[in-house]
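Student: The following comprises the amino acid sequence and a computationally predicted model.
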Amino acid sequence: MENQQIKPIVKDEDTELILEIKKGRTDLYEDLLSRYETRLYNFGLRMCKDVSDAQDLVQETFINIFRYLPDFRMESKFKNWAYKIAASVCMKIKRKNNDPEKELSIDEILPSTEHQASVQIPSWVNQPAEALMNKEMYFEIKKEIDNLPPNYRIIIVLRDMEGFSTKEVSEILELSESNVKVRLHRARSFVREGLKRYFNE
Amino acid sequence: MNNNTYSNHCIQMFEVYSQYLDGELDEKQKKEVEEHIETCQECRACILTLKKTRELCSKMPRVKAPDDFSSKLHSQIKKILDCK
């Protein structure tokens, strides 16, 4: 890596490590891999729904990270920049897999009112998430997220599962914040409907 | 969907429920949502289930990549860096 005098504009938990690697300490690459491989693997798995594609995503993302790191001006958090690369790799895999984007209609996400029970406050909302989260619930949520079109899935994955803010998601995906908000609400509502059916069964 | 019990106002309000939960509404909009869910049981149930859905998604555990993948990845990146 070329030795550059970079003054990071945004500092975070990765800043020191990234600066060292940019200064030429490429031996520290292991630290960077260790910090991000599980996170990116899970992002890949959630987006591509396939172990082999998720592995390809991680590998391709890291190759691009190390290729473009000398050009990274540290004007955003490293994490956001890395996910931007991962999202673009994900788009390529999506095109290869013919996983088409589509819009969710309002009918797919508005709360259903077929059952009188839907008007009651369901008991599961009062239970702690930790108590609700078992293997069955994990697979139920996973199934609903997998069923989302990829253009909605990526928003709920980044926002609610990876913990990025609306602004960060809009920067990572180069979408307007209002677009992110609309898609997030539709994605959450879609998953909510699935969970409601699960609890009503 | 059977939306007999939803007014146009409910549907209009519904669109901003995630922003309400995320604290992204201005004071006026926030007050409007709060006044609405005080009287509309359907929308109140909707917001509470949506909130729990968001919480459950955030608690989804991460899985570990297979061990052989990790070691392959590390040696591949090392090879690329050694070539630079």
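Tutor: Sure, I can see it.

Student: Can you give me the neighbour number for A:Phe72?
Tutor: Residue crowding around A:Phe72 was assessed by other Cβ atoms under 10 Å in any protein chain shown; the count is 19. Every C-beta, even on glycine, is put in place using the N, C-alpha and C of the backbone.

Student: give me phi/psi at it?
Tutor: Dihedral pair for A:Phe72: phi -70, psi 120, per degrees, to the nearest 10.

Student: and what of A:Leu175?
Tutor: Dihedral pair for A:Leu175: phi -120, psi 160, per degrees, to the nearest 10.

Student: which residues does it contact?
Tutor: Applying Cβ atoms under 8 Å, 6 or more residues apart in numbering or on different chains to A:Leu175 gives the contacts A:169, A:183.

Student: where does it land on pLDDT?
Tutor: At A:Leu175, the model reports a pLDDT of 97.

Student: again with A:Ser118
Tutor: A:Ser118 is assigned a predicted lDDT (pLDDT) of 51.

Student: in stretch B:23-43, what counts as buried?
Tutor: B:25, B:32-33, B:36-37, B:40, B:42-43 (16 or more other Cβ atoms under 10 Å in any protein chain shown).

Student: Nearest to chain A among those residues?
Tutor: The closest of those to chain A turns out to be B:Glu42 (Cβ to the nearest Cβ; 5.5 Å).

Student: Tell me who's in contact with the spatially most central residue of chain A.
Tutor: When Cα atoms, centre = their mean is applied to chain A, the residue found nearest the centroid is A:Leu158 (2.9 Å). Taking Cβ under 8 Å, 6+ apart as the criterion, A:Leu158 is in contact with A:83, A:87, A:164, A:168-169, A:172-173.

Student: Same question for A:Gln127.
Tutor: For A:Gln127, the contact set (Cβ under 8 Å, 6+ apart) is empty.

Student: quick one on the thing from earlier: lowest pLDDT pick from the buried residues of stretch B:23-43?
Tutor: By pLDDT, B:Glu42 ranks lowest within the buried residues of stretch B:23-43, coming in at 90.

Student: any idea how far A:Ser112 is from that residue?
Tutor: To A:Ser112, B:Glu42 is 11 Å away according to Cβ to Cβ, to the nearest Å.

Student: among the contacts of A:Leu158, which two are most distant?
Tutor: By the measure Cβ to Cβ, A:Ala87 and A:Glu168 form the most distant pair in these, at 11.6 Å.

Student: can you tell if the helix-or-strand element of chain A with minimal mean pLDDT touches chain B?
Tutor: The weakest-scoring helix or strand in chain A, judged by mean pLDDT, DSSP states H and E, is helix A:106-109 (a mean of 82). Yes. Judged by Cβ under 8 Å from any Cβ of the partner chain, helix A:106-109 comes into contact with chain B at A:106-107.
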